[in-house]
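**Q** please work out how this folds:
(chains A, B, C and D)
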There are 4 protein chains.
Amino acid sequence: MDHSQQQSKLTASIIGASGYSGAELTGILMKHPYISLGKLYAHTQAGRHFSELYPAIGCDRVFQSWEGDADSDICFLALPHGEALQIVPGLIAAGKKVIDLSGDFRLKNITEHEKFYGGSKESGAFLQYGMPELFREAISSSTAISNPGCYATSIILGLAPLFRSGIEELKVESVNVTAVSGISGAGRSAKTELSFSEMSGNVRAYKIGCHQHTPEIMQTLGSSALNPAFGFVFTPMIAPYVRGIYSVMNVQLRNPVSKESIGEFYHDFYATAPFVRLRDTVTEVRHVAHTNFCDISLTWQNDRSLVIVTAIDNLVKGAAGQAVQNMNLMLGIDETTGLL
Amino acid sequence: MDHSQQQSKLTASIIGASGYSGAELTGILMKHPYISLGKLYAHTQAGRHFSELYPAIGCDRVFQSWEGDADSDICFLALPHGEALQIVPGLIAAGKKVIDLSGDFRLKNITEHEKFYGGSKESGAFLQYGMPELFREAISSSTAISNPGCYATSIILGLAPLFRSGIEELKVESVNVTAVSGISGAGRSAKTELSFSEMSGNVRAYKIGCHQHTPEIMQTLGSSALNPAFGFVFTPMIAPYVRGIYSVMNVQLRNPVSKESIGEFYHDFYATAPFVRLRDTVTEVRHVAHTNFCDISLTWQNDRSLVIVTAIDNLVKGAAGQAVQNMNLMLGIDETTGLL
Amino acid sequence: MDHSQQQSKLTASIIGASGYSGAELTGILMKHPYISLGKLYAHTQAGRHFSELYPAIGCDRVFQSWEGDADSDICFLALPHGEALQIVPGLIAAGKKVIDLSGDFRLKNITEHEKFYGGSKESGAFLQYGMPELFREAISSSTAISNPGCYATSIILGLAPLFRSGIEELKVESVNVTAVSGISGAGRSAKTELSFSEMSGNVRAYKIGCHQHTPEIMQTLGSSALNPAFGFVFTPMIAPYVRGIYSVMNVQLRNPVSKESIGEFYHDFYATAPFVRLRDTVTEVRHVAHTNFCDISLTWQNDRSLVIVTAIDNLVKGAAGQAVQNMNLMLGIDETTGLL
Amino acid sequence: MDHSQQQSKLTASIIGASGYSGAELTGILMKHPYISLGKLYAHTQAGRHFSELYPAIGCDRVFQSWEGDADSDICFLALPHGEALQIVPGLIAAGKKVIDLSGDFRLKNITEHEKFYGGSKESGAFLQYGMPELFREAISSSTAISNPGCYATSIILGLAPLFRSGIEELKVESVNVTAVSGISGAGRSAKTELSFSEMSGNVRAYKIGCHQHTPEIMQTLGSSALNPAFGFVFTPMIAPYVRGIYSVMNVQLRNPVSKESIGEFYHDFYATAPFVRLRDTVTEVRHVAHTNFCDISLTWQNDRSLVIVTAIDNLVKGAAGQAVQNMNLMLGIDETTGLL
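**A** Below is the predicted model:
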């Protein structure tokens, strides 16, 4: 993007701007050098000022009801699952670049979608999966993107080097994942079970073995969720903090591999990924909070077993930050623009 | 109470047992040596097990809808404001001992009640104010008690020695109170503003100068809230913790008093109060959490100005614990029974 | 224990009473109907009042330096690892009942002890392992007990039915454990990495695959830690809360088993254990906080894979509560005395 | 500053870069368009990478021991009190612009300094007080600045319009301040009393009426701390969160004033202050966290009494952000550069 383009910024609107991901996106786009923040759509909050809900972000825009968008070049959707299915086709037809943060367009397999999300969707309701570290070129040439789920981002980035290399030596027998999410992952709706009084001092697992990010993870790792090619058990939990996902992955390999070769392999795999940091010491959630980084640490157990730990900020790399990273690729500008 | 009485325990039921105060009361009464826990009434939770909501308390009772109570000797009411007004008269008429934890029967002055609570009430809807440290004898001879508010307890206990002594030297010119409550004080209902994600890392004041505990405090200190005899400004706040109220009271005296005489006077005033602890160092919330203690620290500023700090657990001394303390007095047993 | 014994209470002292486990023990023993609290030993805090450090517990005792103990019938030791090795033999020789909360006497295998604890110990420095649910009779006839570690308690109780039944059908191929501990587990010493500012909003794993509770778990499950009979990987983490351990165990069985038979088997195994609760829904840390319960939930994945979740309070069932449970057994009184 | 200056950025070093204020400053200066981050000095951490302590900030610089600085144009000092007194004169003599975040150069009155800070200092050890909202012009023409304390910033900004207007009507009789700070205000050093286990669920006041920011507040409001011209009592507290100061100020006026005129007056006073926001509803800490804003809300009590609430982020507006705001003024660039 040259200087003249910079002078005529593109306009980006957000549909579903009042939730935590939408608000995070607002804050990032406000500071993005090549973007002019367009309209903020939020059905239930229409008429209220953004700054009433999120005064720290310092945006005075008024939320509007969605009735179609004429002005924006780029549309981000951060809606409850099911709603984007209705809206995205029209936006694409109108020539806009689209980045959908919901699960609506993530799964190719309709049966899996219906099983894990409950609602139905038409065959073909699938968009390019927006994980830049794996699909940089395909994203760059796409006009519409399905942004990954937060757990999925933290788990896939930890496992992708093993699964997407094609190296026989690295074949995986089983993965057991236990991941802890901050409470912002449950969204902004009012629920007793998410109140400070109930969650302070608490930890709880939920949706053990049936979380809706499972098929998205399996699909990206090259397997079916309904008929898995390797053992995969995923236990999500929430703990009393706001931001961040911390995933602990116990990986059992089919063949013995040396510690050194695995470490080298991960470094090579992510050599050109600006937001993946391979850490020598075990990472922590606070190391990535409020950033777009995904930290990865590998701990060797024996020649066929290792523990992979990843940390991301669920609202940034797990949602709004990755969405902007995708947008940057789609616009042909540096992947890190507005994200460092 | 002699041994024979102990063998035939009295039955105590709780009307409104599913909120935080009701649950705390359940836990205390379960362990009380002279009480048999009766029915647990909770309208919206009827049919559910107490242990579903509060597994740590270990009570298997099922919540029931309130349709009058035939069996209990003692009724505790922990209902939303306004509801006890309808129920208490019938319970008294039925010969039960009654302890109401709401604000319904706290205020003598109807105008004040209507201004601060919104609803109306009949003249005479007033019960003996259940603050044992001030009204031990009157409580002992009462059959129905209005249990103090949580902020009111922490503020009145800090100020009562100055206001209820009748000593001219101790006359107060003004009091400025800033009090921090744990979030359990806002109850168990689902609200976005009470969610972990909104309150973690947050502090906020609310109802500045207009909190409904104000008239109760003024009444007990011998003044009217509508036409105050001394300056009184009360700012309540919530901060990110669950239990406890921490009140900082800036007191301006009319006349110079020595540090020693004030300290001595407080010690004398509370000499026989088992749950008031005068502390030489400034108290902390964790010092009283999960206890029925009210800690008080005095810090001298100059001969007419002092800072009084008190700490209580809002669910124990500020609600359920004080209610049981009142019950103990009404039953003629040791005030501390079941509370240490 | 009959009434006459109750009148002549036994005296229990605590060596290392100023840490979190020692303080919790103090609180429990103060309320225990058959015990008179003896001396509180704490080297670095000697001369200070217990109530300065833990005002909520309401104990006015002064900490003393340890110089041998003449008066007590029962000694609890809550010392840093290595110190009990020097003291316990003398206490046993003096005819006292001993319960050691450290790791000093947990491991039979000296090589494992030296590898995981660093220091050396003599062959024979092993005491009866104090897990009442598994060794009730042996504990009852012992005069000295080694109290289990906190992680070990939560993990062993979750797995014991599979490993200690001898049923071929239940043979385990591998276990992957990820466990989250509250920060009190790290003790009371001053460290920047445990400060509120560093741990608020944070989660971090540590000692992956090399935590010192590993050999104790393996030993109790019938295996060696150095030459394990089944796959076992244990990742401990801390998250921003004070009390509780939440263990997620991914178990791979060697043979297919039905969901019903496993559930039934667990119920039978713990049928007479008053502090183990098998829960139909996934448990939470707050369900067991401040209690001696161990909650267990089983979630079926497929006929050879299940996820076992357990929750305990690390300071109660994971330390002081279990220690008193052991003492109760040693004294021949009801296991739950003073713990409900 | 014109374009050519931008091309030759100025270099800013930080002396005392490993504490929370120093780290925050590092993060802000890294993104500042006109500044090149120079050396990071930190005695005890010398040799370690900044990113080991603060991985989220993404700075790879290595901490150095301070042995004089040859290269930087601007020096920020974030040292323990007393140390800057030795270093600042040399830096000024060397022609550098200096911004000191300690209390060393804040007080004109030596007696006050010695009473509140303990150590002595020479007469004349005073620098221009760096509160841009009050001293914008003086700061712009200064080469060395003393950056205000965090509590002082939140309290002075709330009160300055009343005290610095010269309007007789607004004369103040007394101010009672209760302020809650996040725990980061206590710094990064290891102390049991600041550990997560001790401060979770806790609130405590400290240094009641004797906090070292008192004389700085009084000096700026035109009074002496030792012989105050109006009643002033300040109670600082800490509560379980990391960032932010929330100050509640009870102001008693000498003369009756109308609500409208006070509100208007505050708006006029701060009309040109980009970081002061007068809020119609009561502000909250989360509204300013991670920002350089100071939010102010006024609540009328009666014609001579009002409650002023302010919120700042103690590490930003209360330290590093305000320091950069001062630097911007000293450099003649827009006050908000790098701070929005």
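**Q** so where do the helices sit in the stretch 201-340 of chain A?
**A** Using DSSP state H, counting those that start in this stretch, the helices of the stretch 201-340 of chain A run over A:214-220, A:259-269, A:321-331.
**Q** quickly check: the last one near chain D or not.
**A** What that stands for is helix A:321-331. No. Helix A:321-331 is not in contact with chain D by C-beta under 8 Å from any C-beta of the partner chain; minimum separation 13.0 Å. For glycine as for every other residue, the C-beta is placed from the backbone atoms N, C-alpha and C.
**Q** what residues does chain A put near chain D?
**A** A:55-56, A:58, A:200-201, A:277, A:279, A:283-284, A:286-291, A:293, A:295, A:340.
**Q** in strands, which of the residues you listed fall?
**A** Counting by DSSP state E, the part of the residues of chain A next to chain D found in strands is A:277, A:295.
**Q** neighbours around the spatially closest residue to A:Gly22 that is not a sequence neighbour, how many?
**A** Leaving out its chain neighbours, the residue that sits closest to A:Gly22 by C-beta to C-beta, 6 or more residues apart in numbering or on different chains is A:Ala78, at 4.1 Å. The number of residues packed near A:Ala78 is 28, by other C-beta atoms under 10 Å in any protein chain shown.
**Q** before we move on, back to that, just so I know, which of the helices of the stretch 201-340 of chain A lies nearest A:His32?
**A** Of all those, helix A:321-331 sits nearest to A:His32, with 6.8 Å by C-beta to C-beta.
**Q** so which elements touch that closest one?
**A** helix A:20-31, strand A:74-77, strand A:97-100, helix A:132-140, strand A:144-146 (3 or more C-beta pairs under 8 Å, 6 or more residues apart in numbering or on different chains; DSSP states H and E).
**Q** what sits up against the helix or strand that comes right after the second one?
**A** Scanning forward in sequence from strand A:74-77 by DSSP states H and E, the next helix or strand is helix A:84-93. Counting by C-beta atoms under 8 Å, 6 or more residues apart in numbering or on different chains, helix A:84-93 makes contact with A:15, A:66, A:68-69, A:75, A:77, A:79, A:98, A:100, A:102, A:104-105, A:119, A:121, A:125, A:127, A:143-144, all of which sit outside it.
**Q** are any of those buried, and which?
**A** Buried members of the contacts of helix A:84-93, counted by 16 or more other C-beta atoms under 10 Å in any protein chain shown: A:15, A:66, A:69, A:75, A:77, A:79, A:98, A:100, A:102, A:104-105, A:121, A:125, A:127, A:144.
**Q** hmm, back to that, could you redo the helices and strands packed on helix A:321-331 as TSV and give each row distance to C:Tyr246?
**A** Shown next, in TSV, are the helices and strands packed on helix A:321-331 (distance: least, C-beta to C-beta, whole Å):
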stretch	distance to C:Tyr246
helix A:20-31	24
strand A:74-77	35
strand A:97-100	34
helix A:132-140	31
strand A:144-146	33
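**Q** including distance to D:Asn109 and mean pLDDT, could those go into JSON lines?
**A** Shown next, in JSON lines, are those (distance: least, C-beta to C-beta, whole Å; pLDDT from 0 to 100):
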{"stretch": "helix A:20-31", "distance to D:Asn109": "43", "mean pLDDT": "98"}
{"stretch": "strand A:74-77", "distance to D:Asn109": "56", "mean pLDDT": "98"}
{"stretch": "strand A:97-100", "distance to D:Asn109": "59", "mean pLDDT": "98"}
{"stretch": "helix A:132-140", "distance to D:Asn109": "59", "mean pLDDT": "98"}
{"stretch": "strand A:144-146", "distance to D:Asn109": "63", "mean pLDDT": "98"}
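**Q** what's the closest of the ones you listed to A:Ser154?
**A** Judged by C-beta to C-beta, the one of those that comes nearest to A:Ser154 is helix A:132-140, at 12.1 Å.
**Q** buried residues in the closest one?
**A** Those would be A:132-135, A:139-140, for helix A:132-140 by 16+ other C-beta under 10 Å.
**Q** so A:Pro236 versus C:Ser258, what's the distance?
**A** Per C-beta to C-beta, to the nearest Å, A:Pro236 is found 26 Å from C:Ser258.
**Q** who has more neighbours out of the two?
**A** Neighbours per residue (other C-beta under 10 Å) separate A:Pro236 from C:Ser258, with A:Pro236 holding more: 25 against 11.
**Q** my read: that one touches A:Val203, true?
**A** No. If you go by C-beta atoms under 8 Å, A:Pro236 and A:Val203 don't touch, sitting 11.6 Å apart.
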